[in-house]
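Enquirer: no FASTA, just this:
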């Protein structure tokens, strides 16, 4: 680590307990902006860590006006917000709608017909009649589909 490289572990030590929700959000923002350029991994860690924890503790609703303003004006915060799952949060539906409105996510539909290679299911399938909807150029869809296929393969071997 060079002197200019921030200590990642220290950066994500954002206070959650023992401080007000507003101060916690301030610390989250300071951490998100602690690097000169956006650090994708740091942003993902903050969103799925301290920001999500803040929501799980029930602080999303009281902070909603501020969260919405930040999401509209701060790309780093918006990206962190997009990975904060917190499905059980009271604001989940509004957060989802906001992220959709801001173009943070895209619905992609991939549809195809799969036919067996032989009469033995173990021989696998081939595809035809491919339809893809909702993909923009350079979206990395192929890489995403490979990752999904890897998950399917892993789950099939553990089942």
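Expert: Everything's here; your move. Only a predicted model underlies this, so the values are computations on that prediction, with no experimental measurement involved.
Enquirer: looking at the residue located most distally from the centre of the chain now. What's its pLDDT?
Expert: Within the chain, the residue lying farthest from the chain centre (Cα atoms, centre = their mean) is residue 119, at 40.6 Å. Note for residue 119: predicted pLDDT of 89.
Enquirer: figure out how far stretch 39-50 is from the centre of its chain.
Expert: 9 Å (Cα atoms, centre = their mean, to the nearest Å).
Enquirer: meant to ask about stretch 32-50, not that
Expert: Counting by Cα atoms, centre = their mean, stretch 32-50 comes out at 12 Å from the chain centroid.
Enquirer: stretch 111-125 now?
Expert: Relative to its chain's centre, stretch 111-125 lies at 33 Å (Cα atoms, centre = their mean).
Enquirer: which other residues reach it?
Expert: Contacts with stretch 111-125, where a contact means Cβ atoms under 8 Å, 6 or more residues apart in numbering, come from 126, 127, 128, 129, 130, 131, 132, 133. Every residue, glycine included, has its C-beta placed from N, CA and C.
Enquirer: tell me the domain boundaries of the protein?
Expert: 8-101, 109-158 (automatic domain parsing).
Enquirer: can you show me the strands along the protein?
Expert: 109-116, 125-133 (DSSP state E).
Enquirer: about what we covered before: how about CSV for the contacts of stretch 111-125, with neighbour count and distance to residue 112 added?
Expert: Below are these laid out as CSV (neighbours: other Cβ atoms under 10 Å; distance: Cβ to Cβ, whole Å):
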residue, neighbour count, distance to residue 112
126, 10, 10
127, 9, 5
128, 8, 7
129, 9, 6
130, 9, 5
131, 9, 7
132, 12, 9
133, 9, 12
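Enquirer: residue 86: which of these is nearest?
Expert: Nearest to residue 86, judged by Cβ to Cβ, of the contacts of stretch 111-125 is residue 133 at 28.9 Å.
Enquirer: setting aside sequence neighbours, what's the nearest residue to the residue nearest to the spatial centre of the chain?
Expert: Compute the mean C-alpha point of the chain, and by Cα atoms, centre = their mean the closest residue is residue 83, 2.8 Å away. Nearest residue to residue 83, sequence neighbours excluded (Cβ to Cβ, 6 or more residues apart in numbering): residue 47, at 3.7 Å.
Enquirer: which residues are in contact with the one you found?
Expert: 79, 80, 81, 82, 83, 84.
Enquirer: run a quick neighbour tally on residue 46.
Expert: 28 (other Cβ atoms under 10 Å).
Enquirer: that concludes my questions; thank you for your assistance.
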